[in-house]
Structure formats: structure tokens, C-alpha cells
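Visitor: Give me a 3D structure for the following:
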Amino acid sequence: MSDDHTSQTWGIYGSILDETVRAPNISRLSEEGAQLMNSFATNSICTPSRATILTGQYSHKNRVYTLSDRIDPEKQTFPTLFQQNGYQTGLIGKWHLKTRPSGFDYYNVLPGQGRYFDPILRDSETWPEGKAYEGFTADVITDHSIEWLEQRENKKPFLLLTHFKATHEPFNYPERFDTLYANTEIPEPESLYNFYPEDTGRTFEGQVLEILGRRFEANPERYSADEFSLEGLNKKEARHKTYQKFVKDFLRSGAAIDENIGRLLDYLDEKGLAENTIVIYTADQGYFMGEHGLFDKRMMYEESIRMPFVIRYPQEIKPDTKNEDIILNTDFAPLLLDYAGIPIPENMQGRSFRANLAGQTPEAWRQQMYYRYWMHEEHRPAHLGIRTKHYKLIYFYGQNLEGGYADGPTAPTWEFYDLKNDPKELKNVYNSSEYQDEIKKLKKQMMQLKEQVGDSDEQYPVMDSLLRNIGE
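Guide: Numbers count the residues shown, from 1 in each chain. The predicted structure is shown next:
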């Protein structure tokens, strides 16, 4: 798993960047296995998404709402269940859940975000100070992953989580990729020059590219540059220049991940393990690559919530297949437990999609998803919503309930998108008379989903008036 390595930059999701991206090993995994086309985070921010992947539970159940939260070491996770059922378990790389990892026979993890070069890793013997290792973080993490595979007990099954720091901001990359994309003009998304609030109907500003441009100017060395200046450029020229640097650096960082995925795949081939090993590559959420004029994630737009996911298992999954079902990060843990023959606990809220991957989607499979983002701030308000195959309804309730940025409340607003006719979410049509019947129906379904997943809000009195009568 990587951090923020969004689907637009994998070269296999039909993005405008597909022809530019260099990712042969991700492509190889997709061609040799299955690719999820509609896999989504239920709370698009790093720490909560990782907790959901581990526990199979929504944020309000596992109690990891925001970046400030930490996972309870006693919490049941899929690694603890694997460990209890005879698997050797290892975790190497990004952890991002603050407490000591549990459920692993061996771990060696970055402290917090960690650093790109000469990273510090902390194992059980060096916790909490850790030990520095020379090299680029993705290379170091892969070195240790292969070392762990070499030292494991061959007669026992294994579970290894290799978690890269890349492609998280500041999007650093190893020196060998300095000239990659150097003479390339990166294609631009249709909505790159949408300047809020003009033309879009968006009800909040978001993390606009101008913020990243100012960071490039203020600290170019941190962002792999000798200098960066937007002086004298008009608004459109500045956004263009910022976008070009941002995407090139992001793709270079991603190239280092892809290269190291190749090293791991080669190792499995060399050791005769490829046929009987399930290999998954995913990211903890999506990321805006200039769409809507934004970067970062968090918001319930497609680029942010979509989780890229490829899986290879030659014994069961047909090569070069694509699955269109709505899959959530709550489903990852049940899937892995299912493959391992370990009973799926009732308190996991997701479902195994093993049958889906085999081309036998259950008739009762979900047709909609529930989403909630808790980290409130003025320009990115707390919100919840529902997504179906054709529509999306978002309610920006705007309250700081669980450790946001301590901003005051914002006025509640709604957004609605017709994904069938507007897949890039270029126009909020919540106030359009054409959709009022559909919006009324979705409000009811959203509140029903909210109740079904156990997200009650009863501990937050301020939410009573904000939610009252929605869906009636």
C-alpha cells in the first residue's frame, strides 16, 4: 500500500495521464489479475482509512475519525486474526496509527509521516527512537520486506504488509528519476482552471493549487527544486506552472513505487511463490491531481474517494479482469480473511468480495455507499453523503465534532451530481428542478444507510437540528 498514490497516476484507469505514466509493474499486476474500478474510501484521509482497512469498520465504529486519532493496540484487526491462526505476520514501512503495531511478529515502521531520504524505522527493539537507514524510503522499505521474506519460516504461511511513504507530499523521488518527464508537457484536466466559485456551483473553496504553489516558492528544497517562482505570472499562468511541477514530481515518486513493486514480484517468481501468493497493491485513498483546481484529498469527489486496487491470485482470479461493483475499504479485511479460511467476525462491517473477483457477484451486493469525513475546517467542511452508480448527494453539515482544525461551524450546504451525465462532477445541480425527486429519494436512502452502519450522532446534540427531517 502507498500513501495518496491515486488512480489517475497508475496508467490503467483511463486517466488523461495514462499515456504519460511509467508504471509497468502496476500494469503487470492488472494484466495478471483483477482491477477494481469502483473501490472507495469511506473517510478519505490517511489515518482513518488505514484503521478502516485493518478493522473492517467505519470510523465511528473503530473510533479513528481524524489524523489526530490513534488505533487501540487491543483492537481486533485482520493481522491479529492471521497471527492467531498460524500465519507469520510482518509490517514494514508506513504505519501512521501512532501506537505500537500489534498483530505482527515483526514490524519496522516509519515514525508518523517519516522522511523520504535516509528514513528512520522503528522496530520492537528500537522503539520509540528508531534507527536510520541510508537510501530512498521506497527502496529501503522494499529491502527490508525482501529481507523479512528471506528470513521467514518456509513451512508456515505468511502475511506481509509493505507500506510505502510515497507519493505523499512533498512528492520526493530518488535521484535516478531527476530527468524523468523533464521535457514532457503534462496533459491538464478539464477542470484545472475552474476558479472557485465561478461556474462550478461548489459550496466550499477546498485545497486549491495556489496553496501548493506558495509552498513551492517558500521552501523549494523541500519540494525537490533549487528555486520556484510565480512572480509576474497571471492567475492562469501560475496555476499552469504549479500543476506541471506538482504532477511531474508526483509521477516520479510513483515511479519509485512501481520499480519496487517489480522487485517484490521478481522475488516471488524467483522463489516459486507467485502461484500460491495473493498480491494486492492499493493506496489509502485517492488524491486530486488538479481536478477542480485542487490538490490533496478528503472531499467526497471521485478523485478523492476512489481507491485504486489491483489483485493477483493465479489459482482463482482470471487474468486481465475488471470489476465494476461498489467495493469499500471496509471490505478489504473480510476478503483477506476469506481467502485464508479464517472466520470473518460479526463486528466487521464489510463483506468479502471474493465471489465478485471470481465473476460471481452476489445478487444482493450493495448498490450504494455511505461516506463521512469528520475533520472540519472552513474551506473543507465536515460532511457526509451517499453515492450510487449514477448519483451523488453530499451534505456539508460543517461542524467540528471529532478533532478537526478548531474552525467554527460553517453554514450547512448541499451538493448533488449526476454521475451518469457529469462523471467529472463539473456542475453542482442540487437546485435544479429536474432532479428534485431524485434528491428527495437519496436523502431518505442516505439517512437509512447512516442508521444501518450505526452512525447515530446521538452523542452530538448540535447535530439533532441539522439532521432532523432529512429524508422525510
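
Visitor: How about the contacts made by the closest residue to W365 other than its chain neighbours?
Guide: Distance criterion CB to CB, 6 or more residues apart in numbering; nearest residue to W365, sequence neighbours excluded, is D325 at 5.7 Å. C-beta: built from backbone N, CA, C; applies to glycine. If you count contacts by CB atoms under 8 Å, 6 or more residues apart in numbering, D325 has them with 36, 38, 353, 356, 361, 365-366.

Visitor: Could you report the separation of D325 from I12?
Guide: 18 Å (CB to CB, to the nearest Å).

Visitor: Poorly predicted segments of this structure, please.
Guide: Residue ranges of the chain with pLDDT under 70: 198.

Visitor: Do a quick rundown of the helices in the stretch 1-150 of the chain.
Guide: 24-32, 46-55, 59-62, 78-84, 137-151 (DSSP state H, counting those that start in this stretch).

Visitor: Of all those helices, which one is nearest Y371?
Guide: helix 59-62 (10.3 Å; CB to CB).

Visitor: and that closest one, what does it pack onto?
Guide: Contacts defined by 3 or more CB pairs under 8 Å, 6 or more residues apart in numbering; DSSP states H and E place helix 59-62 against helix 46-55.

Visitor: Which neighbouring elements make contact with the helix it packs on?
Guide: helix 59-62, helix 78-84, helix 332-340.

Visitor: Tell me who's in contact with the spatially most central residue of the chain.
Guide: Geometric centre of the chain, nearest residue: Q285, 1.1 Å, by CA atoms, centre = their mean. If you count contacts by CB under 8 Å, 6+ apart, Q285 has them with 4, 6, 41, 44-46, 49, 297, 304-305, 307.

Visitor: Which residue ranges of the stretch 101-250 of the chain form strands?
Guide: With strands called from DSSP state E, counting those that start in this stretch, the stretch 101-250 of the chain shows them at 106-109, 120-121, 131-132, 158-163.

Visitor: Adding mean neighbour count and distance to F416, write those strands out as JSON lines.
Guide: Below are the strands of the stretch 101-250 of the chain laid out as JSON lines (neighbours: other CB atoms under 10 Å; distance: least, CB to CB, whole Å):
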{"stretch": "strand 106-109", "mean neighbour count": "23", "distance to F416": "41"}
{"stretch": "strand 120-121", "mean neighbour count": "20", "distance to F416": "46"}
{"stretch": "strand 131-132", "mean neighbour count": "12", "distance to F416": "50"}
{"stretch": "strand 158-163", "mean neighbour count": "20", "distance to F416": "36"}
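
Visitor: Out of these, flag the one nearest T55.
Guide: The nearest among these, by CB to CB, is strand 158-163 at 14.1 Å.

Visitor: who's in contact with that closest one?
Guide: 1-3, 79, 82, 87-95, 109, 141-142, 145, 148-149, 152, 264, 336, 340.

Visitor: and the angle from it to helix 46-55?
Guide: Angle, strand 158-163 to helix 46-55, by axes from the mean of the first three to the mean of the last three CA atoms, to 10 degrees: 170 degrees.

Visitor: partners of strand 158-163 in the sheet?
Guide: Paired with strand 158-163 in the same sheet, following DSSP bridges, are strand 88-93 (parallel).

Visitor: May I have the strand it pairs with exported as PDB, CA atoms only?
Guide: Output of strand 88-93 as PDB, limited to C-alpha atoms (Å, rounded to 0.1, in the frame of the first residue of the first chain):
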ATOM      1  CA  GLN A  88       3.800 -15.300  10.200                       C
ATOM      2  CA  THR A  89       2.900 -11.600  10.100                       C
ATOM      3  CA  GLY A  90       5.100  -8.600   9.100                       C
ATOM      4  CA  LEU A  91       4.600  -4.900   8.700                       C
ATOM      5  CA  ILE A  92       7.300  -2.700   7.100                       C
ATOM      6  CA  GLY A  93       7.000   1.000   6.200                       C
END
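
Visitor: Between helix 137-151 and it, find me the angle.
Guide: Going by the same axes, to 10 degrees, strand 88-93 makes 160 degrees with helix 137-151.

Visitor: any residues touching strand 88-93, and which ones?
Guide: 79, 82-83, 101, 103-110, 121, 137, 141, 144-145, 148, 152-153, 156-165.

Visitor: Try it again at 7 Å.
Guide: Contacts with strand 88-93, where a contact means CB atoms under 7 Å, 6 or more residues apart in numbering, come from 79, 82-83, 101, 103-110, 141, 144-145, 148, 152-153, 156, 158-165.

Visitor: And for stretch 38-48?
Guide: So stretch 38-48 is contacted by 3, 49, 52, 58-59, 64-67, 69, 96-97, 284-286, 297-298, 304-307, 309, 324-330, 369-375 (CB under 7 Å, 6+ apart).

Visitor: measure stretch 8-16 end to end?
Guide: Distance between the two ends of stretch 8-16: 8 Å, counting by CA to CA, to the nearest Å.

Visitor: shift numbering so it begins at 345
Guide: All set: I'll call the first residue 345, so the last point we hit is now stretch 352-360.

Visitor: In contact with Y357, which residues are there?
Guide: Counting by CB under 7 Å, 6+ apart, Y357 has contacts 351, 652.

Visitor: Pull up the gap between it and R724, please.
Guide: 24 Å.

Visitor: Identify the residue spatially nearest to D664, adjacent ones excluded.
Guide: E375 (5.1 Å).

Visitor: could you give the angle of the longest helix along the chain to helix 368-376?
Guide: Criterion DSSP state H: the longest helix present in the chain is helix 579-614. Going by the same axes, to 10 degrees, helix 579-614 is angled at 60 degrees with respect to helix 368-376.

Visitor: any chance of the contacts of D669 in JSON lines, with neighbour count, secondary structure and distance to K589 too?
Guide: JSON lines is the format used below for those (neighbours: other CB atoms under 10 Å; DSSP: H, G, I helix; E, B strand; the rest coil; distance: CB to CB, whole Å):
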{"residue": "L380", "neighbour count": "25", "secondary structure": "strand", "distance to K589": "30"}
{"residue": "N382", "neighbour count": "18", "secondary structure": "coil", "distance to K589": "31"}
{"residue": "F697", "neighbour count": "25", "secondary structure": "coil", "distance to K589": "38"}
{"residue": "N700", "neighbour count": "21", "secondary structure": "helix", "distance to K589": "39"}
{"residue": "T705", "neighbour count": "14", "secondary structure": "coil", "distance to K589": "42"}
{"residue": "W709", "neighbour count": "13", "secondary structure": "coil", "distance to K589": "42"}
{"residue": "R710", "neighbour count": "15", "secondary structure": "coil", "distance to K589": "40"}
